[in-house]
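Engineer: Fold the following for me, if possible:
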Amino acid sequence: MELTLSKSDKLLVLTPIQETFGEKENIIFLGSWCNAHSKREFFTNRNHTFLRHPYNVNKKKFLRDQKYLKVLRHRLLESLTKKLNNIHKINYSKEEWKIILGYWILIYTNVLFDRWEILRLFFLNEKYNKIKVHFIDIKNKNFKSTLDFTHNSLYSDIWNHRLFKDIINFKYKKKTHIKIIKNYHKNENIFAEYKFDVNLYFYIKKIINKILIKFAKFIINFNHIIFDGLISKKAYFKFCYRFKIIPFDINLFFDIKNFSTTTNNNKRNFLNEIEFLTKNDFEKFLIKNIKNYLPDIFIEKFTSLRCSIMPYISNKKKLILSQIAFHFNDIFNIWLVEMLKKKSIFFPSHHGGSLIFQNAITVSRKYLSKKFITWHKPIDKQDVQLSPLKLVDIDIKLKKNRQNCLIITNELPRYYYMFPDVPVGENNLNEFLKIRNLMKFLKEEIIQSIIFRNSPNTDWGYKSLIKEDFKNSIKFSTNNNIFSDFKNTKLLICGYPSTPFSESINLDIPSIFFFSKKNWNIHTKFRGLLDDMQNENLFFEDEKLASNHINQIWHNIDSWWNKSSVQKVISKCKKDFFKINKNWLNEYNNFFNKHI
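Structural biologist: Residues are numbered from 1 along each chain as shown. I've put the predicted structure just below:
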């Protein structure tokens, strides 16, 4: 929509905070993240437009930006290594600080650069000079951890508003007419916390862990294998029995609540003096805001926390496996640095998978170890494909005459943070709308059988849009654990290329991928398999083709699923997406013996 009124009639809205929408102006929403379902009623009847995300306009820009950011992260790590060693009176190497700070630096540089570039490209257009913008008057937020910072970056309208506001005040104040909205005190669910699939076993495990925490020092010293991750109950106890270790989830243990810490508020002031040769205005802004955005676990609480961790540092050589903790658990990563000094060996691992993305290495943190345990077939010399612990020895009984059509979507964050191999901004919503259209083309009896599973809720409004179109015809999953949904699933339609498809075909449930290849940048080594899947109606991009196939096979799905040509491709998927060894305990034992 092109706005033709005078500049004074245009209002730039940064994030979907209703109080900044003005009254009668023509709204220019800075991006599709403003299209939050809970706020649509406040602008639907207004003249408005959503700007497209730069990476959806120019795909090549991402590749250029990532090359620049990779070098920038290296430079920033060097500066923070010197500064934090000086502040905390320690001597960690750059590689050790990379283990501790690496994920935060990745998110921090990508998020700030993304928001910076969005505004830079906007203000390059002279027709937006002196445009109105409303700021809410909010205080700075102190971040507790990498996870806290990441969740705010992904989900918080207030925090992203503050970041855009800071950039405008730093660079574009003269190009705007600013109005301050004071006395903004609304409570906001700052972040919609990501929840892994949980069940009764998860809570039992958590309770047992709370009891065992009292003996954590003994357990960590006793266990020669330290493990965290997603694994079936049966497989977990088999694993512990085979390798003679006490069941203990290190990720649950390394929670700030389990450690006594003190806060040194004076340390943050030293971040004003970071030695860093800036090359442009963005880098000046980046360095200036480290003081505001570096989590206090790395500054105020670091010294006391590190002292609290030291009793749990074993002098014995350990083999450490982690699927989850090494990404976001800062306490685990501090402990890991100390354990590696004691000659322990660390193997990071995927916690899920199927098709993988072209730039997956950007977020995998492969630099942490010489070997990386994967679900999928190796794509480089660092990868080692082992049986996925989440899929082995699954104790689930499927119903004989299953009735449901399970549709799974992944409601990605409205705010971009680093990974354009997946749909960014408006493309995320477009992926869902294609699934909704597919559903409309299905026969009524199939619609009545649909179970819609969507996670997490990031205010795109997927469920609400489904309810608007289908009223009470569609049922929504209420199960935390996806395997509970699988028990009565006749056909799975998986709306994104990830773990649920692998979990489903591992149980021999007929399954279909439905997504747009242009929005999901699949790795080149998997594109041939995706073409094979498309030829056998295991993968669709077009709503009508997919619905025609589903309508045709619904009463006799096995006749399609059991075709030799289909099963040949499924076998290939099971080999490339995940490969389960019947003697998986021996497989892991051989791997450990080879590398310990």
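
Engineer: Every contact and neighbour count from this point should use C-alpha atoms.
Structural biologist: Will do.

Engineer: Tell me which stretches of the stretch 401-550 of the chain form helices.
Structural biologist: 426-440, 444-447, 462-470, 482-486, 499-506, 524-535, 543-553 (DSSP state H, counting those that start in this stretch).

Engineer: for Phe237, what are its contacts?
Structural biologist: By Cα atoms under 8 Å, 6 or more residues apart in numbering, Phe237 lies in contact with Pro247.

Engineer: sec struct for it, please.
Structural biologist: helix (DSSP: H, G, I helix; E, B strand; the rest coil).

Engineer: Also Ile373?
Structural biologist: Going by three-state DSSP: Ile373 is strand.

Engineer: Who does it form a beta bridge with?
Structural biologist: Ile373 has these beta-bridge partners by DSSP bridges: Ser349, Val384.

Engineer: Kindly provide the distance from it to His224.
Structural biologist: According to Cα to Cα, to the nearest Å, Ile373 stands 18 Å off from His224.

Engineer: Those two: which has the busier surroundings?
Structural biologist: Neighbour count, other Cα atoms under 10 Å: between Ile373 and His224, Ile373 has more, with 23 against 18.

Engineer: Test my guess that the more buried one contacts Gln385.
Structural biologist: Yes. At 5.9 Å, Ile373 and Gln385 qualify as touching, with contact defined as Cα atoms under 8 Å.

Engineer: How about Val337: what's its closest non-neighbour residue?
Structural biologist: Leaving aside its sequence neighbours, Val337 sits nearest to Glu96 (Cα to Cα, 6 or more residues apart in numbering; 6.0 Å).

Engineer: And the helix or strand where the one you found lies, what does it pack against?
Structural biologist: For Glu96, the element it lies in under DSSP states H and E is helix 94-123. Packing partners of helix 94-123 (3 or more Cα pairs under 8 Å, 6 or more residues apart in numbering; DSSP states H and E): helix 59-88, helix 146-155, helix 157-167, helix 281-288, helix 330-341.

Engineer: Could you check the angle that helix makes with helix 281-288?
Structural biologist: Counting by axes from the mean of the first three to the mean of the last three Cα atoms, to 10 degrees, helix 94-123 points 130 degrees away from the direction of helix 281-288.

Engineer: Give me the contact list for whichever helix or strand comes after helix 94-123.
Structural biologist: Beyond helix 94-123 in the direction of the C-terminus, DSSP H and E gives the next helix or strand as strand 131-136. The contact list for strand 131-136 (Cα under 8 Å, 6+ apart) reads 7-8, 10-13, 19-22, 161, 165, 175-182, 184.

Engineer: likewise stretch 448-461?
Structural biologist: 35-38, 155, 192, 194-195, 403-414, 429, 462-463, 473-477.

Engineer: Could you tell me the end-to-end distance of that stretch?
Structural biologist: 21 Å.

Engineer: Quick check: buried residues in that stretch?
Structural biologist: The neighbour-count check on stretch 448-461 (16 or more other Cα atoms under 10 Å) flags 448-454, 456-461 as buried.

Engineer: Kindly report the same for stretch 109-127.
Structural biologist: Buried, per 16+ other Cα under 10 Å, within stretch 109-127: 109-116, 118-120, 122-123.

Engineer: how about the strands of the stretch 151-300 of the chain, start to end?
Structural biologist: 176-181, 225-228 (DSSP state E, counting those that start in this stretch).

Engineer: of the ones you listed, which approaches Glu444 most closely?
Structural biologist: Smallest distance to Glu444 across these (Cα to Cα): 44.4 Å, for strand 225-228.

Engineer: now the helices for the stretch 201-350 of the chain?
Structural biologist: Under DSSP H, counting those that start in this stretch, the stretch 201-350 of the chain gives helices at 216-222, 233-242, 250-253, 281-288, 290-293, 302-309, 325-328, 330-341.

Engineer: Turn the ones you listed into a markdown table, columns for mean pLDDT and distance to Thr262.
Structural biologist: Shown next, in a markdown table, are these (pLDDT from 0 to 100; distance: least, Cα to Cα, whole Å):
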| stretch | mean pLDDT | distance to Thr262 |
| --- | --- | --- |
| helix 216-222 | 93 | 21 |
| helix 233-242 | 93 | 36 |
| helix 250-253 | 87 | 19 |
| helix 281-288 | 97 | 26 |
| helix 290-293 | 94 | 19 |
| helix 302-309 | 95 | 6 |
| helix 325-328 | 89 | 21 |
| helix 330-341 | 96 | 15 |
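
Engineer: I'd like to know which of the ones you listed is closest to Ser484.
Structural biologist: Among the helices of the stretch 201-350 of the chain, helix 233-242 comes nearest to Ser484, with 14.7 Å by Cα to Cα.

Engineer: How far does the closest one sit from its chain's centre?
Structural biologist: 28 Å (Cα atoms, centre = their mean, to the nearest Å).

Engineer: Let's see it as PDB, backbone CA atoms only.
Structural biologist: Once non-C-alpha atoms are left out, helix 233-242 reads as follows in PDB (Å, rounded to 0.1, in the frame of the first residue of the first chain):
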ATOM      1  CA  LYS A 233      12.500 -43.100  30.000                       C
ATOM      2  CA  LYS A 234      13.400 -46.600  29.000                       C
ATOM      3  CA  ALA A 235      16.500 -45.600  27.100                       C
ATOM      4  CA  TYR A 236      17.700 -43.300  29.900                       C
ATOM      5  CA  PHE A 237      17.700 -46.000  32.500                       C
ATOM      6  CA  LYS A 238      19.300 -48.500  30.100                       C
ATOM      7  CA  PHE A 239      22.000 -45.900  29.400                       C
ATOM      8  CA  CYS A 240      22.600 -45.300  33.100                       C
ATOM      9  CA  TYR A 241      22.800 -49.000  33.800                       C
ATOM     10  CA  ARG A 242      25.100 -49.900  30.900                       C
END
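
Engineer: Now do the buried residues in that helix.
Structural biologist: Across helix 233-242, burial judged by 16+ other Cα under 10 Å covers Lys233, Ala235, Tyr236, Phe239, Cys240.

Engineer: Of the helices and strands packed on helix 94-123, give the one that comes closest to Ile207.
Structural biologist: Of the helices and strands packed on helix 94-123, the one closest to Ile207 (Cα to Cα) turns out to be helix 330-341, at 19.9 Å.

Engineer: got the angle between that closest one and helix 146-155?
Structural biologist: 130 degrees.

Engineer: With distance to Ile493, mean neighbour count and mean pLDDT as new columns, can the helices of the stretch 401-550 of the chain be given to me in JSON lines?
Structural biologist: JSON lines is the format used below for the helices of the stretch 401-550 of the chain (distance: least, Cα to Cα, whole Å; neighbours: other Cα atoms under 10 Å; pLDDT from 0 to 100):
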{"stretch": "helix 426-440", "distance to Ile493": "9", "mean neighbour count": "19", "mean pLDDT": "93"}
{"stretch": "helix 444-447", "distance to Ile493": "12", "mean neighbour count": "15", "mean pLDDT": "97"}
{"stretch": "helix 462-470", "distance to Ile493": "16", "mean neighbour count": "15", "mean pLDDT": "91"}
{"stretch": "helix 482-486", "distance to Ile493": "12", "mean neighbour count": "20", "mean pLDDT": "94"}
{"stretch": "helix 499-506", "distance to Ile493": "8", "mean neighbour count": "20", "mean pLDDT": "96"}
{"stretch": "helix 524-535", "distance to Ile493": "14", "mean neighbour count": "16", "mean pLDDT": "97"}
{"stretch": "helix 543-553", "distance to Ile493": "10", "mean neighbour count": "17", "mean pLDDT": "98"}
